[in-house]
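In: Give me a model of this one.
(one chain, ligands or ions: 1)
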Amino acid sequence: MSTIRAELLVIGSGAGGAVTAALAAEAGRDVLIVEEGPWATPGDVEPFSMAEMMSRYRNHGLTAALGNPGISYAEGRCVGGSTEINSGLYRRLPEELRSVWASAYRIDEFDAPTLDKAAEEVESFLDITHLPGDPPPASAAIARGADALGWRSTEFARAFSYESDGHATKQTMARTYVPRAIAAGARLLADTRIDRLVVRDGRCRAATGIRTADGTNEKIRIEADDVFVCAGAVHTPFLLQRSGFRGGIGSGLRFHPTIKVAARFTIPMDHGDVPMHRVMEFGPHLTIGGSASRRAHVALALADAALPYDDALADWDNVAVYYAAIKGGNGRVVSLPGIGSPIVFYSMGDADMSRLARGTIHLGSTLFAAGATELYPSIVGGPILKDPDRLVDWWDAISRSRANVMTVHLTSTVRMGENTDLACADSFGRLHGTENIRVNDASLLPDAPGVNPQAAIMMLATRNIRAFLN
Ligand SMILES: Cc1cc2nc3c(=O)[nH]c(=O)nc-3n(C[C@H](O)[C@H](O)[C@H](O)COP(=O)(O)OP(=O)(O)OC[C@H]3O[C@@H](n4cnc5c(N)ncnc54)[C@H](O)[C@@H]3O)c2cc1C
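Out: Now for the predicted structure:
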């Protein structure tokens, strides 16, 4: 076993970990970033392709939460974490959630000016941009449908930089904060998984794990003064539970449960990007937007209805995939002895199922209003619809046994605040009852943010590491 020493250990290199490492290294700290996944050169595979799933997704994208309905979910597993595979949509935390969280969880220094300052710091480094020209067809359809119905819609900004020829590059962590950390002297150990924190008297004495780079299987031990666990909302509580922490850690998991609909139009849709427009009329509890729509995504979404789809697949150029996502349900992450992976449970109440059904029907209305001629919902047995008057048929069809529910937004397993009845970490992410163990990722959000979470995670990570360094 080799032993490595660092002043500050950051476990995980995604939205939370990369920010933590960069700002600490720039403040002169001796930082070691440990990342379970490999270094995957940004741009060397097509975004949203099968090759991307094979090289950058945990379990190649096949992970599911147990429950009724079961919910499939996705996480990144590479340097940069889920930011390498996401759509880069960037939206600040809604103010109404900030104020509710601040009082319910008693979070210190969680006022709007403090959070705005941290968000501005992120935005002064990442390029947060809108489209330089007209939206592509799949995105424009959302705005057109919403307009026709008199509903509010907006184009979300993205963490994308544009070159003068219009070429856009997503600002993933492997392109931005991770290089910034390394330039400031941080060390990066990829292909290295931390399995346990050795904790005595409230202090982490060491972190132990396995390094698998270059076909090796080497045990490692890392001794650090301070540890930041940034392994994401599933793997952060899993690691903490394996290290002996219980008492609420892993409970409170929140998803944005999502149902997809493949929509066939009479004009070609674009397939290389994810639509930037969102229907905001029902936010933050219900969002309507667009998904990745490469040929494989279109085929999967059409097949989800489990009814004949050859005709629509032959016309796939005119098909794009959309979704309705809600804030709802409640889950937990559990570590069981002898099982090397987390077990994730998620339950949705009848009210959540109704909201999902209502959202899917609103999505259908938007798509028909935008000119769609045929809708394939992710509901086993459909019905596939050609007529807006039949949308009500989806109401009963969205049942626990027939709905194919998924999510890519996972939060809230180590919630923050001084209210120890609800929160496992303090207002800046330090685990209650410990001296030197902090969490700084999606796990800290007290609830699902109702919008894409990366902006809120990076804002919080900035605020917390700045407070620590001060
Ligand atoms: C397909 C997809 C699309 C998305 N689209 C958007 C979007 O457009 N906009 C948006 O705001 N959000 C989006 N998200 C969500 C967003 O990417 C995540 O919320 C965010 O990246 C979470 O940040 P994090 O730091 O908590 O975790 P991650 O970014 O997931 O990083 C965690 C890292 O920790 C590593 N790790 C885990 N366990 C260990 C261990 N034991 N030892 C060492 N390393 C470990 C993982 O390999 C991973 O790299 C999307 C997510 C997915 C999957």
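In: what's the burial count for residue 286?
Out: 23 (other Cβ atoms under 10 Å). Where you see a C-beta, it was placed from the backbone N, CA and C, and this is true even at glycine.
In: who's in contact with the residue nearest to it when sequence neighbours are not counted?
Out: Counting by Cβ to Cβ, 6 or more residues apart in numbering, residue 359 is the residue found nearest to residue 286 once chain neighbours are left out, at 4.6 Å. Counting by Cβ atoms under 8 Å, 6 or more residues apart in numbering, residue 359 touches 259, 282, 286, 287, 288, 324, 325, 326.
In: Tell me if I'm right that the second one and residue 361 touch.
Out: No - contact status for residue 282 versus residue 361: not in contact, 11.4 Å apart, counting by Cβ atoms under 8 Å.
In: Tell me the residues of the chain that contact the ligand?
Out: 11-17, 34-37, 74-77, 81-83, 85-89, 193-194, 230-233, 235, 239, 408-409, 441-442, 452-455, 457 (Cβ under 6 Å from any ligand atom).
In: residues making contact with the strand or helix carrying residue 182?
Out: Per DSSP states H and E: residue 182 is located in helix 177-183. Helix 177-183 has contacts (Cβ under 8 Å, 6+ apart) with 13, 18-19, 21-22, 24-26, 31, 33, 79-80, 125, 188.
In: Going through these, which ones are buried?
Out: 13, 18-19, 21-22, 24-26, 31, 33, 79-80, 188 (16 or more other Cβ atoms under 10 Å).
In: State the number of residues packed around the closest residue to the ligand within the chain.
Out: Taking Cβ to the nearest ligand atom as the measure, the point where the chain comes nearest the ligand is residue 14, at 2.0 Å. Residue 14 has 35 neighbouring residues, counting by other Cβ under 10 Å.
In: what's the neighbour count on the closest residue to it other than its chain neighbours?
Out: Spatially, and ignoring its direct neighbours in sequence, residue 14 is nearest to residue 81 (2.2 Å; Cβ to Cβ, 6+ apart). Using other Cβ under 10 Å, residue 81 is surrounded by 33 other residues.
In: what residue is smack in the middle of the protein?
Out: For the chain, the residue sitting closest to the mean C-alpha position, by Cα atoms, centre = their mean, is residue 409 at 3.7 Å.
In: That one touches residue 450, doesn't it?
Out: No - proximity of residue 409 to residue 450 does not meet the contact threshold set by Cβ under 8 Å, at 9.5 Å.
In: what are the ranges of the strands in the stretch 201-350 of the chain?
Out: 203-211, 218-229, 251-255, 258-264, 277-279, 286-290, 319-326, 330-334, 343-347 (DSSP state E, counting those that start in this stretch).
In: wait, which of the ones you listed is closest to residue 467?
Out: Taking Cβ to Cβ, strand 218-229 is the member of the strands of the stretch 201-350 of the chain nearest to residue 467, at 12.5 Å.
In: got a list of what the residue lying farthest from the centre of the chain touches?
Out: Relative to the centre of the chain, the most outlying C-alpha is that of residue 389, 34.7 Å out, by Cα atoms, centre = their mean. Contacts for residue 389 (Cβ under 8 Å, 6+ apart) come out as none.
In: three-state assignment of it?
Out: helix (DSSP: H, G, I helix; E, B strand; the rest coil).
In: per-residue pLDDT, it?
Out: For residue 389, the pLDDT comes out at 97.
In: Residue 214 - how many residues pack around it?
Out: 7.
In: Would you quantify the distance from it to residue 58?
Out: Going from residue 214 to residue 58 by Cβ to Cβ, to the nearest Å gives 21 Å.
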